[in-house]
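**Student:** pasting a predicted model and its sequence here:
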Amino acid sequence: MGFDDLLNDEMIIERTDGSRSGPHKCGFSSDPDSVRVFDVQLLVAEQDHVLRILPNGTVERYLVTSADFSSGMPPHIPASYQLKLRKSTAIPPQPHVAKHTTVNIHQSTGVQVGDHNVVNIQHALTQLLAQVEQAPAPAEDKTEVKNRLAALLAHPLVVSIVGGLAGGAAGLVSK
């Protein structure tokens, strides 16, 4: 039995310049990404296309990714080309995109990760307390203002709106 009995498929080579040759007898393996051609005169290179003609007349298009020549083992195994193919109409696999976030902070004393509003509220309260301390008012008035501010920050409605900051800010007021 010769190798010609194994060549049950036909293909056309479409070169990158658009020229075509064939049909050539060939044997697609069970892996359709590989085909063997026992034609030493075959002109084929990477980036050419193979057009596989199916029995129903449909044509499958493949990109040649590798064209390897084998001198065979005369007289029993003739010289041939082994072509590695990638189906042009195949749906490409979705690339896995790894998402990495890198944050580099150097020589910073004020790093805020999260809601910037929390920092603004805390800064405003600190400034308010500093101005109360510097105000030309009796100590009793300053204490009363601080107590009222602490009571406001401890109120459940304020805590639910401002969150955990209110408890921490109340600590600032009680100092």
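**Tutor:** That came in fine, so what should we check first?

**Student:** any chance you could map the helices in the chain?
**Tutor:** 116-134, 139-154, 156-162, 165-173 (DSSP state H).

**Student:** just name the most buried of those.
**Tutor:** helix 165-173 (a mean of 17; mean count of other C-beta atoms under 10 Å). The way it works is simple: take the backbone N, C-alpha and C, and place the C-beta from them, glycine included.

**Student:** same list (the helices of the chain) but as CSV, adding mean pLDDT and distance to Tyr62.
**Tutor:** Shown next, in CSV, are these (pLDDT from 0 to 100; distance: least, C-beta to C-beta, whole Å):
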stretch, mean pLDDT, distance to Tyr62
helix 116-134, 76, 56
helix 139-154, 85, 72
helix 156-162, 75, 65
helix 165-173, 57, 64
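
**Student:** direction included, what does the strand with the most length in the chain pair up with?
**Tutor:** In the chain, with assignment by DSSP state E, the single longest strand is strand 59-70. Strand 59-70 sits in its sheet next to strand 49-53 (antiparallel), strand 80-87 (antiparallel), going by DSSP bridges.

**Student:** residue contacts, Asp48?
**Tutor:** 13-16, 64, 67 (C-beta atoms under 8 Å, 6 or more residues apart in numbering).

**Student:** in stretch 41-50, which residues are buried?
**Tutor:** 42, 44, 48-50 (16 or more other C-beta atoms under 10 Å).
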